[in-house]
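Enquirer: next input, structure requested:
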Amino acid sequence: MAISVVIADDQEMVRTGFRMILESQPDIEVLADVVDGEAALAAVAEHRPDVLLLDIRMPGLDGLEVTRRLSGSDRPRIVIVTTFDLDEYVHAALHGGASGFLLKDASPAMLVEAVRAAAAGDALVSPAITVRLLRELAPQTPPAGARRPSEPLTERERDVVRCLARGMTNAEIARELYVSLSTVKTHLANVQAKLDARNRVEIAAWAWESGLAATTT
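Expert: Numbering: from 1, shown residues only. Reported below is the predicted structural model:
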């Protein structure tokens with residue numbers, strides 16, 4: 001079945017461009033493109049898309065509030081699209097449950113990959129941007145109320161999380177640690193459960209906030 005998508009952005013050229021790119025793929029179907037947050041919520045309720053491409057800054061209801069309102073549902077997966085790679089709103093959106101983000105000048109291939117990754121329950125985020133964003137906005141010292149895992153992470157899980165926080169894909173982590181791809185996925189699933197995290201981006205954010213990402217093995 002095709003991956004169903006709704007696009008929400010107040011710039012017509014952006015919506016048109018995204019629609020053309022995505023509709024050129026045989027496995028992706030754009031159900032609607034809308035101009036603001038209220039219309040995005042209405043489109044999600046009507047169409048139940050797999051993925052919502054969501055701008056941060058829109059008139060009226062912004063992307064951050066839309067993300068918050070949809071955070072309790074399994075669908076859609078949200079990919080934030082922004083002009084600003086160090087926007088504090090992006091950081092808040094990731095904590096709010098977004099699957100990832102990309103810049104509006106991202107390549108067509110990255111846009112397609114981000115949609116496919118989100119639909120599969122993963123996240124594709126520009127690694128260099130993600131690492132810089134999380135590093136810049138993480139506290140200098142772990143906050144007293146920082147999230148604690150329900151069980152201590154194993155040393156191998158910590159290794160995997162460090163790699164993830166540096167922006168590596170699962171395949172890159174597997175090569176770095178000399179393990180199989182399935183082993184990486186298993187470790188990440190265990191970490192996600194221990195942290196009660198919604199996705200890999202939230203795990204990466206925790207790694208920076210807790211200080212784990214800054215430590216070396």
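Enquirer: give me the three-state assignment for V184.
Expert: helix (DSSP: H, G, I helix; E, B strand; the rest coil).
Enquirer: no, scratch that, I was asking about V5
Expert: Per three-state DSSP, V5 ends up strand.
Enquirer: could you give the number of residues near it?
Expert: V5 has 28 neighbouring residues, counting by other Cβ atoms under 10 Å. C-beta coordinates here come from the backbone N, C-alpha and C atoms, glycine included.
Enquirer: kindly report the same for S71.
Expert: 14.
Enquirer: that one against G96, yeah?
Expert: Yes. Using Cβ atoms under 8 Å, S71 makes contact with G96 at a distance of 5.6 Å.
Enquirer: now stretch 24-36: buried residues?
Expert: Q25, I28, V30, L31, A32, D33, V34, V35, D36 (16 or more other Cβ atoms under 10 Å).
Enquirer: other residues contacting it?
Expert: Stretch 24-36 is contacted from outside by 2-10, 12, 15-16, 18-19, 22-23, 40, 42-43, 46-47, 49, 58-61, 112, 115-116, using Cβ atoms under 8 Å, 6 or more residues apart in numbering.
Enquirer: check the separation of the first and last residues in it.
Expert: 24 Å (Cα to Cα, to the nearest Å).
Enquirer: pLDDT of it, averaged?
Expert: Stretch 24-36 shows a mean pLDDT of 96.
Enquirer: what about it, distance to the chain center?
Expert: Its chain's C-alpha centre and that of stretch 24-36 lie 19 Å apart, by Cα atoms, centre = their mean, to the nearest Å.
Enquirer: likewise for stretch 203-210?
Expert: Per Cα atoms, centre = their mean, the centroid offset for stretch 203-210 relative to its chain is 14 Å.
Enquirer: hang on, the earlier thing: filter the contacts of stretch 24-36 down to the buried ones and hand me the PyMOL line.
Expert: Entered in PyMOL, the line below selects the buried ones among the contacts of stretch 24-36, by 16+ other Cβ under 10 Å:
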select buried, resi 3+4+5+6+7+8+9+10+15+18+19+22+40+43+49+58+61+112+115+116
